[in-house]
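Asker: Pasting the sequence and the predicted coordinates here, then a few questions.
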Amino acid sequence: MRGGRPTVAASDPREPGGGDGRSGTAIITRTKPKTKRPSLYRVLLLNDDYTPMEFVVHVVEKFFNKSQEAAYQIMMHVHHNGVGECGIFTYEVAETKVTQVMDFARKYQHPLQCVMEKK
Ligand code: TYC
């Protein structure tokens, strides 16, 4: 787990008189830097009957920085299972990948579909 238990300062009831004389107020101090992990999104390719296999392999290499071998495996996974993951990204990066793939497929008049889903 991340984040630490906040420290409570001042007002110690064991102190003679039962406290610091400041009417039970306490200061909560943060013990760790305030960091929030961004939500992550899977970018998926969907199968269709018309987009050539070589085109899909090229797309996966070009936009997801995969080797030809890895891209071929992903393409075949999509071909056999209907859907497959090309990568996991923060929202804006995932959105950019989807747009790039969809624009590229449209340019070559292939019906290839690319979508993102929250992890
Ligand atoms: N099913 C396509 C064919 O047989 C190949 C293909 C694979 C298409 C993956 C889209 O995301 C895809 N030509």
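Answerer: Happy to help now that I have it. Residues are numbered from 1 along each chain as shown.
Asker: Span of stretch 24-33 from start to end?
Answerer: This stretch, stretch 24-33, spans 27 Å end to end (C-alpha to C-alpha, to the nearest Å).
Asker: now do stretch 53-72
Answerer: Stretch 53-72 has an end-to-end distance of 8 Å (criterion: C-alpha to C-alpha).
Asker: Check what contacts it and list those residues.
Answerer: By C-beta atoms under 8 Å, 6 or more residues apart in numbering, the residues outside stretch 53-72 that reach it are 43, 45, 74-75, 78-79, 86-87, 97, 100-101, 104-105, 108, 110, 112. C-betas here are computed from N, CA, C, even on glycine.
Asker: Which residues of the chain lie near the ligand?
Answerer: Applying C-beta under 6 Å from any ligand atom, one finds that the chain approaches the ligand through 45-49, 51-53, 56, 75, 78-79, 112.
Asker: same thing but 5 Å
Answerer: Residues of the chain found near the ligand (C-beta under 5 Å from any ligand atom) are 45, 47, 51, 53, 56, 75, 78-79.
Asker: list the contacts for the spatially most central residue of the chain?
Answerer: The centre of the chain sits closest to Leu40, judged by C-alpha atoms, centre = their mean, with a distance of 1.6 Å. Counting by C-beta under 8 Å, 6+ apart, Leu40 makes contact with 88-90, 118-119.
Asker: Return a PyMOL selection command for the buried portion of the residues you listed.
Answerer: Of the contacts of Leu40, the buried ones go into a single PyMOL selection, burial set by 16 or more other C-beta atoms under 10 Å:
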select buried, resi 89
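Asker: in the protein, what spans have low per-residue confidence?
Answerer: Applying pLDDT under 70 to the chain flags the ranges 1-23.
Asker: where exactly do the helices run in it?
Answerer: Using DSSP state H, the helices assigned to the chain run over residues 53-64, 68-81, 91-107.
Asker: Can you mark which positions in the first one are buried?
Answerer: In terms of neighbour count (16+ other C-beta under 10 Å), helix 53-64 has its buried residues at 55-61, 63-64.
Asker: Please apply the same query to stretch 35-44.
Answerer: Within stretch 35-44, judged by 16+ other C-beta under 10 Å, the buried ones are 41-44.
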